[in-house]
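> Would you be able to build a 3D model of this:
(2 chains)
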Amino acid sequence: MTDRAGPPASSPAASPRTLATVTLVLGALVLSPLARARGWDSFPLSSYPMFARGNLGSVNELAHALLVLADGTRVPASPSLVGTPEPMVATAIVRGHVTRGTAADLCASVAARARDARAVDAMAVEIATSTFDARRYFSGAPGARAPLERTVHARCEIAR
Amino acid sequence: MSGPVDRLAGWLAPEGPRSRAVIARMLAGAFATAYLLVRLRYFADGERHAPSDFAPVGVCAILGAPLPAGATWVIAVLTAALGVAFTAGRRIRIVGPAFFVALLWTLSYASSWGKILHSENLLVLHVGIFALAGDLRGARVAGWALRAAAIATVLTYVVAGVTKLRSGGGAWLSGDALGSWLAWDALRKIELGSLHSPLAARIAGSPPLLQAFALYTLAVELGAPLALVSRRSAYGWVALAWLFHLGIAATMAIGFFYPLSGVAFAALLPVERVAPLRRLAGRVAPGV
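Here you go, the predicted structure:
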């Protein structure tokens, strides 16, 4: 605490009680998500529900976009092809389209971006939900990374 | 000041060094501005999204539909420009609130496409506090801003910790929940064609490591209020919290850049002792 002496205060209503009240209100706001239902989330106030669930287990479903190569193998379409640099936003976008029944629209836009990007020799795009077992996935066993189940909601060719 | 109410008010709004407050404000502003500029297209280019993906959060909930593409570019560029002025301390009593509102809007809008990015919450809260503090003239206002920023920091960690116990309970204490999340997060990043950490699967296969990391996580989050007890406890907690974020980056490839940069903890640290920062603060705030 070296330079407490400064120019005279010019902020209005700067009494300790007033300032303290502002801090209490701010603190109550930051804590308020705890008074809401579990998993409540918003911005900039949040209960920070990410990674909090305790019953995730090892088998879960992922909504994602796939590129189908000429030999039939499937590789992930990067988040940028889905329209965002963020992977979690990408899966949220795919999930949203699957839920709304508009997977074909998303498929077409991913295919258009894949055509423009010319990043890989992909023939088609699939919008899918795949079920994976995370424990099995990292076991190193042959075929461990294959999904337990996959539902393709839309498929579209990449025009060349 | 004698009664408990006055003592509490004195603790919540103590006198403090203006130089530290100015530097903490300057750092928060500089971080926010750099973050906006580095990711300008991400924040400005709303055309990447289909209108049907729009799921407005926070202040953006007033919107019934996405904004026109031109408007998002104008708002993002204006926010960055206000960030430059905020960082430089220009017309701070006008620019401060304007930058806070613009930043809140821009970041809320970016999180309105189905996924909220939680790494930005604390940054907005800090900018809001320094915007409220005006020109930070007077030891009382400076001390209040620093204490309020420190309390906001601490409480966000507490909320995250309590949520883990509420939602995960015993599974979080045993490390089971962390193991499941580490493995699933790495898996989905691989399958989404994104960067992932090879450490995740290794740690997820080790129950003792998982439990140690889970308890460390909860200790940092729930123990955050200790940072408000004394200067030494603040330094200790900041070090543990910074290592916590380093661990998240190493194991989950998630960069919480605001705390990793150290700027999130500036209000808890004697940043005024760093000579270059003090010189910069002297330029943006006369009298520092």
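> quick one, domains of chain A?
When chain A is parsed with automatic domain parsing, its domains come out as A:14-54, A:59-157.
> Which parts of the stretch 101-250 of chain B are helices?
If you assign secondary structure with DSSP state H, counting those that start in this stretch, the helices in the stretch 101-250 of chain B sit at B:121-132, B:139-167, B:170-174, B:176-191, B:199-204, B:207-222, B:231-252.
> Which of these sits closest to A:Ser47?
Taking C-beta to C-beta as the criterion, A:Ser47 comes closest to helix B:139-167 out of the helices of the stretch 101-250 of chain B, the separation being 4.7 Å. For every residue, glycine as well, the C-beta is placed using N, CA and C.
> and that closest one, what does it pack onto?
Other helices and strands packing on helix B:139-167, by 3 or more C-beta pairs under 8 Å, 6 or more residues apart in numbering or on different chains; DSSP states H and E, are helix A:16-31, helix B:4-12, helix B:18-38, helix B:121-132, helix B:170-174, helix B:207-222.
> Name the residues that touch stretch B:57-67?
Contact partners of stretch B:57-67, identified using C-beta atoms under 8 Å, 6 or more residues apart in numbering or on different chains, comprise A:41-45, B:46, B:49, B:51, B:54, B:56, B:75, B:104-105, B:108-109, B:111-112, B:116.
> Buried among those residues? Need that as a selection in PyMOL.
Of the contacts of stretch B:57-67, the buried ones go into a single PyMOL selection, burial set by 16 or more other C-beta atoms under 10 Å in any protein chain shown:
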select buried, (chain A and resi 41+42+43+44+45) or (chain B and resi 46+49+54+56+75+104+105+108+109+111+112+116)
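> Please tell me how far the nearest residue to A:Ala14 once chain neighbours are set aside sits from B:Ala133.
Across the structure, with C-beta to C-beta, 6 or more residues apart in numbering or on different chains as the measure, the residue nearest A:Ala14 apart from its sequence neighbours is B:Val141 (5.2 Å). According to C-beta to C-beta, to the nearest Å, B:Val141 and B:Ala133 sit 6 Å apart.
> Settle it for me: which of the two has more neighbours?
When B:Val141 is set against B:Ala133 and neighbours are counted by other C-beta atoms under 10 Å in any protein chain shown, the residue ahead is B:Ala133, at 28 against 25.
> A:Ser32 versus the nearest residue to that one once chain neighbours are set aside, what's the distance?
Take B:Ala133 and drop its neighbours on the chain: the residue closest to it by C-beta to C-beta, 6+ apart is B:Ala145, 3.8 Å away. From B:Ala145 over to A:Ser32 the distance is 21 Å, taken as C-beta to C-beta.
> With B:Leu132 instead?
Per C-beta to C-beta, B:Leu132 is found 18 Å from A:Ser32.
> Kindly report the same for A:Pro142.
As defined by C-beta to C-beta, A:Pro142 lies at a distance of 51 Å from A:Ser32.
> So between those two, which is more surrounded?
For the pair A:Pro142 and A:Ser32, the greater number of neighbours falls to A:Ser32 (13 against 7), based on other C-beta under 10 Å.
> Could you tell me the model confidence score at the residue nearest to the more buried one when sequence neighbours are not counted?
In space, and not counting its chain neighbours, A:Ser32 is closest to A:Leu45: 6.5 Å by C-beta to C-beta, 6+ apart. On the pLDDT scale, A:Leu45 is placed at 97.
> thought A:Leu45 was touching A:Pro33?
Yes - A:Leu45 sits in contact with A:Pro33 when judged by C-beta atoms under 8 Å, with a separation of 5.7 Å.
> And the residue nearest the centre of chain A, its phi and psi?
Centroid-nearest residue in chain A: A:Met88, 1.8 Å away (criterion: C-alpha atoms, centre = their mean). In this entry, A:Met88 is assigned phi and psi values of phi -70, psi -30 (degrees, to the nearest 10).
> so who does the residue nearest to A:Ser32 touch?
Neighbour list for A:Leu45: A:Leu29, A:Val30, A:Ser32, A:Pro33, B:Gly58, B:Asn121 [criterion: C-beta under 8 Å, 6+ apart].
> most neighbours, which of the residues you listed?
Among the contacts of A:Leu45, B:Asn121 has more neighbours than the rest - 25 neighbours, counting by other C-beta under 10 Å.
> Now do that residue against B:Leu243, distance only.
Counting by C-beta to C-beta, the separation of B:Asn121 from B:Leu243 is 21 Å.
> now do A:Ser109
Using C-beta to C-beta, which is the criterion applied here, A:Ser109 is 41 Å from B:Leu243.
> Am I right that B:Ala21 is in contact with B:Leu136?
Yes - counting by C-beta under 8 Å, B:Leu136 is a contact partner of B:Ala21 at 4.8 Å.
> Could you check which of those two is surrounded by more residues?
Neighbours of B:Ala21 and B:Leu136, each counted by other C-beta under 10 Å, are more numerous for B:Leu136; the result is 32 against 29.
> Name all residues that make contact with the more buried one.
B:Leu136 makes contact with B:Arg18, B:Ala21, B:Val22, B:Arg25, B:Phe130, B:Ala142, B:Ala145, B:Ala285, according to C-beta under 8 Å, 6+ apart.
> please redo it, this time with the cut-off set to 7 Å
Contacts of B:Leu136 were listed using C-beta atoms under 7 Å, 6 or more residues apart in numbering or on different chains, and they are B:Arg18, B:Ala21, B:Val22, B:Arg25, B:Ala142, B:Ala145, B:Ala285.
> got a markdown table for those residues, with pLDDT and distance to A:Ala117 too?
A markdown table is the format used below for the contacts of B:Leu136 (pLDDT from 0 to 100; distance: C-beta to C-beta, whole Å):
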| residue | pLDDT | distance to A:Ala117 |
| --- | --- | --- |
| B:Arg18 | 95 | 51 |
| B:Ala21 | 97 | 47 |
| B:Val22 | 97 | 46 |
| B:Arg25 | 98 | 41 |
| B:Ala142 | 96 | 51 |
| B:Ala145 | 97 | 46 |
| B:Ala285 | 87 | 47 |
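> Show me the two of the residues you listed that sit farthest apart.
When those are compared pair by pair using C-beta to C-beta, the maximum separation belongs to B:Ala145 and B:Ala285, at 12.4 Å.
> between A:Ser109 and B:Leu243, who's got more neighbours?
A:Ser109 (20 against 12).
> Assign a three-state SS to that one, would you?
Reducing the assignment at A:Ser109 to three states with DSSP: H, G, I helix; E, B strand; the rest coil gives helix.
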